[in-house]
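>>> predicted model follows, preceded by the sequence.
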Amino acid sequence: MSPTVTLILQIVVIIIAARALGLLFRLIHQPQVIGEIVAGILLGPSLLGWTAPKISAILFPSASLGYLNTFSQVGIVIYMFLVGAALNYKELKNCGHAALLTSHGSIVAPYVLGALLALMLYPRLSDDGVSFLGFALFMGAAMSVTAFPVLARILTDRAMMGSRLGTLAIACAAVDDITGWCILAYIVVLIRTQSESKPVWITIAGIIIFLLFMIYAAKPLGQRFYTAYERDGRLSEYRVAALVVFVLVSALITDWLGIHLLFGAFLCGAIMPKEHEFVLYIFEKFESVTVVLLLPLFFAFTGLRMNLSSLKGGGMWLICTSIILVAIVGKLAGSMIAAHAAGVPWRDATGIGVLMNTRGLMELVILNLGLDIGVISPVLFSMMVLMALVTTFMTTPLLKLIYPLRRLALEIMPGLGTTEAIFKFMEKYGSAWGMRPEVATKASSAIDEVLNAIGQLPLASQTVRIGAEFDAFKLESEIDYEGPPLPLPETAPSAEAIMEPLGELALAGFLIRQHSDDVKVTHHDGHSHVHLHFEH
Amino acid sequence: MNKRKLVVDYLLIVGIPLVAFVGILRVGRHLTAPVALHGNWSVQADFTPWQGFPCSALLINSQPLLLKIDQSGRSLTLTLNNSERTVLPGTLDGLVLSTAISTGQGGTTPIPRPDAGCRGSESLRIQAAVKQRENQRFLAGTFSLDGCASCPPIAFSANRQMPTGRTQP
């Protein structure tokens, strides 16, 4: 097969595997990215190479992996630009001292434990090509990383993004990322100056000059992209091309300076304007090709470098288990204790710890970098990838454990006494579930209005089924009845309109909209369904 | 949040662990790790004495011979650039590298093709010492075929091509 045919075949197989596993993991309420990472691992020597070596040799001949690596590196460069673009320093200011203490605690605890673990790992899994200092710093950085983008996705999926907990977690993750990348840049300089002829002062002076250039000269350039977007509502193809060139040149400069392509791309994203709509637009422009095409190639390349069969013997698995435990204890417990010390209640502090323990894709980026520069060995790489998977996988189940979803159903007949019944119902279960009283009151009022409206509907059923789901971040209520759908006018009906037939129904519909944070009505085959959403 | 409490908490949660971190780095300075061998090594050896012996095609037809070493501490995986892509698991004991692969059915994959001339009862063995010459490490050792009494060991030396990094999977 020609190299082009091999590469295209590889891309086809990788995308199909990534999408299939991604979907499967979505079905078990896990972020899709975990499925895609697992797909990459399964395509490598850990499964395909082990069970079907001939197919693996045809699909992924070693001579072809250079092309795959190049494509995946381009993907990671663009992805790091997006990660930088998503960082918002303003969130840090909003969180104040709690974010400062929590974020620093969440870095230092896993960092120190990672370095402590390095004392055991250095003589066993490293070599004298790397100093203990470089090895310990890398282990600390790898232990303390938080997957900022995966964390954001989990928070969005669980409707936690706007909550105090979500905001604090995002702010801490941003600090962790910036700190982690600064330390990594130092490690790369440390390792590369041992092997390269370029004097270290050139690297350090170059980085400082480049940083100053980016902050004072390139940042206004980024602002010009935003100005153009604000004026036209979009970026022209020339401007998008200029942005791509900007990112790639920035990446090339940092690579030439002796750090890595990724730092330039990340920095380029970090200096971009942080206006929400502009960031979303940038994501829309770049995310599809990156997430659908290039990132799965990176996962597959990572999987091809990872070999679980290299973990031979109980000793190796014991080390692997120790790494996973240290990573969890350091990050989860460290963040939890720091958050509680900063005044966050224990339950929410545990939630912060669980969220900060999400490592995901960022960990893979760092580990591949570590393997590239020779600071970690292939076996340690495999163990650390496993740790990244375990810590990311456990986030959603642990969050469900800490903030369990509570469900209840009630059947009621609209009419006299329903108002009292609804308020009593919400008061009783709302306080038992830890619901804020004002949310319980809002929900009771909205449900009461729905019942009131259903009572006025012609041909509406006598019995209405009310379901409620609560998980500390939101309250969802589902109301089902037989009959026509409720009207939900955006504006309040006038006094005259209220006096007209069905005028009170329109008023009730308007009040339902007012009481709830979101409401949807669907109707099918004579059956109507009202979905009420309340932020907690 | 009380400013004084913040300072005290910060010292407890961040300051003390940082001091511990410095202590760990000081302790770690005295640790020694196995010598670094990972990378590609170009092998210089004369395999003509193996002409006509079993398994000779394993190495004779692969000139120039390259040895790729993947290293995780003392554990090594050596890959030869012969037509078989022979993979040899090995270990590093101090400054001595040793590895063996059985060419028979019970051996480590991949089993050499019949045209390599192996009878199936031999083991290809590499033993080498890590030596230093003008700040450059090199390997000096022998290739031998266990199970072939008449095959003489072949002396070799190998020089490293890529001192750092593990860029290829």
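Everything's here; your move.

>>> give me the buried positions along the helix or strand of chain A with the lowest mean pLDDT.
Using mean pLDDT, DSSP states H and E, the weakest-scoring helix or strand in chain A turns out to be helix A:148-157, at a mean of 74. By 16 or more other C-beta atoms under 10 Å in any protein chain shown, the buried positions in helix A:148-157 come out as A:148-155, A:157. C-beta coordinates here come from the backbone N, C-alpha and C atoms, glycine included.

>>> repeat for stretch A:428-442
When burial is assessed from 16+ other C-beta under 10 Å, stretch A:428-442 yields the following buried residues: A:429-430, A:433, A:435, A:439-442.

>>> do me a favour and get the end-to-end distance for it?
Start-to-end span of stretch A:428-442 (C-alpha to C-alpha, to the nearest Å) is 15 Å.

>>> run through the helices of chain B in chain order.
With DSSP state H as the criterion, chain B has helices at B:3-10, B:16-28, B:57-60.

>>> in chain B, what residue comes closest to chain A?
Per C-beta to the nearest C-beta, residue B:36 is where chain B lies closest to chain A, at 3.0 Å.

>>> now that residue: phi and psi?
Backbone torsions of residue B:36, given as degrees, to the nearest 10, read phi -80, psi 120.

>>> how's chain A carved up into domains?
Following automatic domain parsing, chain A resolves into domains at A:3-401, A:404-535.

>>> so which of those is the most surrounded?
Using mean count of other C-beta atoms under 10 Å in any protein chain shown, the stretch among the domains of chain A with the largest mean neighbour count is domain A:3-401, at a mean of 20.

>>> need the distance between the two termini of that domain.
One end of domain A:3-401 to the other measures 49 Å (C-alpha to C-alpha).

>>> what do you get for stretch B:30-39?
Start-to-end, stretch B:30-39 (C-alpha to C-alpha) is 26 Å.

>>> how about stretch A:329-345?
End-to-end distance for stretch A:329-345: 19 Å, by C-alpha to C-alpha.

>>> mind checking how far it is from the chain centre?
20 Å (C-alpha atoms, centre = their mean, to the nearest Å).

>>> for stretch A:147-166, same thing?
Chain-centre distance of stretch A:147-166: 7 Å, with C-alpha atoms, centre = their mean.

>>> neighbouring contacts of that stretch?
Identification of contacts with stretch A:147-166 by C-beta atoms under 8 Å, 6 or more residues apart in numbering or on different chains yields A:31, A:33, A:82-83, A:86-87, A:167, A:169-170, A:173-174, A:176-177, A:344, A:348, A:351-352, A:355-356, A:358-363, A:392, A:395-396, A:399, A:471, A:473-474, A:535-536.

>>> repeat the analysis, applying 7 Å as the threshold.
The contact list for stretch A:147-166 (C-beta atoms under 7 Å, 6 or more residues apart in numbering or on different chains) reads A:31, A:33, A:83, A:86, A:169-170, A:173-174, A:177, A:348, A:351-352, A:355, A:358-363, A:392, A:395-396, A:399, A:473-474, A:535.

>>> report the entries of the residues you listed that also contact chain B.
Among the contacts of stretch A:147-166, proximity to chain B is found for none (C-beta under 7 Å from any C-beta of the partner chain).

>>> average pLDDT for the helix or strand just after the least confident helix or strand of chain A?
Going down the chain from helix A:148-157, the next helix or strand is helix A:164-195, by DSSP states H and E. Average pLDDT, helix A:164-195: 80.

>>> also stretch A:513-522?
Per-residue pLDDT over stretch A:513-522 has a mean of 91.

>>> equivalent analysis for stretch A:84-93, please.
Stretch A:84-93 shows a mean pLDDT of 74.

>>> kindly report the same for stretch A:118-129.
Here the average pLDDT along stretch A:118-129 is 94.

>>> can you check stretch B:27-35 too?
Regarding stretch B:27-35, the rounded mean pLDDT is 93.

>>> just the endpoints, please. Distance across it?
20 Å.

>>> now that stretch: buried residues?
Buried residues in stretch B:27-35, defined by neighbour count with 16+ other C-beta under 10 Å: B:28, B:33-35.

>>> just give me the closest of those to residue A:252.
Relative to residue A:252, the closest of the buried residues of stretch B:27-35 is residue B:33; by C-beta to C-beta it sits at 33.3 Å.

>>> I'd say that closest one and residue A:125 touch.
No: taking contacts as C-beta atoms under 7 Å, residue B:33 lies outside contact range of residue A:125: 8.6 Å.

>>> residue contacts, residue A:39?
So, once contact is read as C-beta under 7 Å, 6+ apart, residue A:39 ends up touching A:17-18, A:21, A:299.

>>> if you average pLDDT over the strand or helix carrying it, what comes out?
Per DSSP H and E, residue A:39 falls inside helix A:32-42. Taken as a whole, helix A:32-42 has a mean pLDDT of 89.

>>> just stretch B:81-99 next, same as before
The pLDDT scores in stretch B:81-99 average 83.

>>> how many other residues sit next to the nearest residue to residue B:150 once chain neighbours are set aside?
With sequence-adjacent residues excluded and distances taken as C-beta to C-beta, 6 or more residues apart in numbering or on different chains, residue B:150 is closest to residue B:53, at 6.7 Å. Around residue B:53 there are 17 other residues, counting by other C-beta atoms under 10 Å in any protein chain shown.

>>> tell me where the stretch 1-150 of chain A has helices.
Assigned by DSSP state H, counting those that start in this stretch, the helices in the stretch 1-150 of chain A fall at A:3-27, A:32-42, A:48-51, A:53-59, A:65-86, A:90-125, A:132-144, A:148-157.

>>> quick check: bridge partners of residue B:132?
Counting by DSSP bridges, residue B:132 forms beta bridges with residue B:137.

>>> quick check: residue A:97 vs chain B, distance?
In this view, residue A:97 and chain B are 5 Å apart by C-beta to the nearest C-beta, to the nearest Å.

>>> right, and that residue touches residue A:341 too?
No: Residue A:97 lies out of contact with residue A:341 (C-beta under 7 Å); the separation is 10.3 Å.

>>> what sits closest to the residue nearest the centre of chain A if chain neighbours are left out?
Nearest to the mean C-alpha position of chain A, counting by C-alpha atoms, centre = their mean, stands residue A:150 at 1.8 Å. Counting by C-beta to C-beta, 6+ apart, residue A:150 lies nearest to residue A:360, which is 3.6 Å off, once chain neighbours are set aside.

>>> residues contacting the one you found?
Listed by C-beta under 7 Å, 6+ apart, the contact partners of residue A:360 are A:33, A:147, A:150, A:388, A:392.

>>> so who does the residue nearest to the fourth one when sequence neighbours are not counted touch?
Leaving out its chain neighbours, the residue that sits closest to residue A:388 by C-beta to C-beta, 6+ apart is residue A:363, at 3.7 Å. Contacts for residue A:363 were tallied using C-beta under 7 Å, 6+ apart; they are A:142, A:145, A:147, A:388.

>>> residue A:479 now?
Counted by C-beta under 7 Å, 6+ apart, residue A:479 has contacts A:447, A:450, A:464, A:466, A:530.

>>> okay, and which of those residues map to strands?
Mapping the contacts of residue A:479 onto strands (DSSP state E) picks out A:464, A:466, A:530.

>>> and the second one, what pLDDT?
As predicted, residue A:466 sits at a pLDDT of 88.

>>> repeat for the last one
Residue A:530 is assigned a pLDDT of 93 by the prediction.

>>> can you tell me the SS state at the residue lying closest to it once chain neighbours are set aside?
Nearest residue to residue A:530, sequence neighbours excluded (C-beta to C-beta, 6+ apart): residue A:479, at 4.2 Å. With DSSP: H, G, I helix; E, B strand; the rest coil as the basis, residue A:479 sits in strand.

>>> okay, and the beta partners of residue A:479?
Beta bridges link residue A:479 to residue A:466, residue A:530, judged by DSSP bridges.

>>> give me the pLDDT for it.
The model reports residue A:479 with a pLDDT of 91.

>>> now swap in the one 5 residues further on and tell me
Predicted confidence (pLDDT) at residue A:484: the value is 88.

>>> dump the residue contacts of the nearest residue to it once chain neighbours are set aside.
The shortest distance from residue A:484 to any non-neighbouring residue, by C-beta to C-beta, 6+ apart, is to residue A:457 (5.8 Å). With contacts defined as C-beta under 7 Å, 6+ apart, residue A:457 is in contact with A:483-484, A:505.
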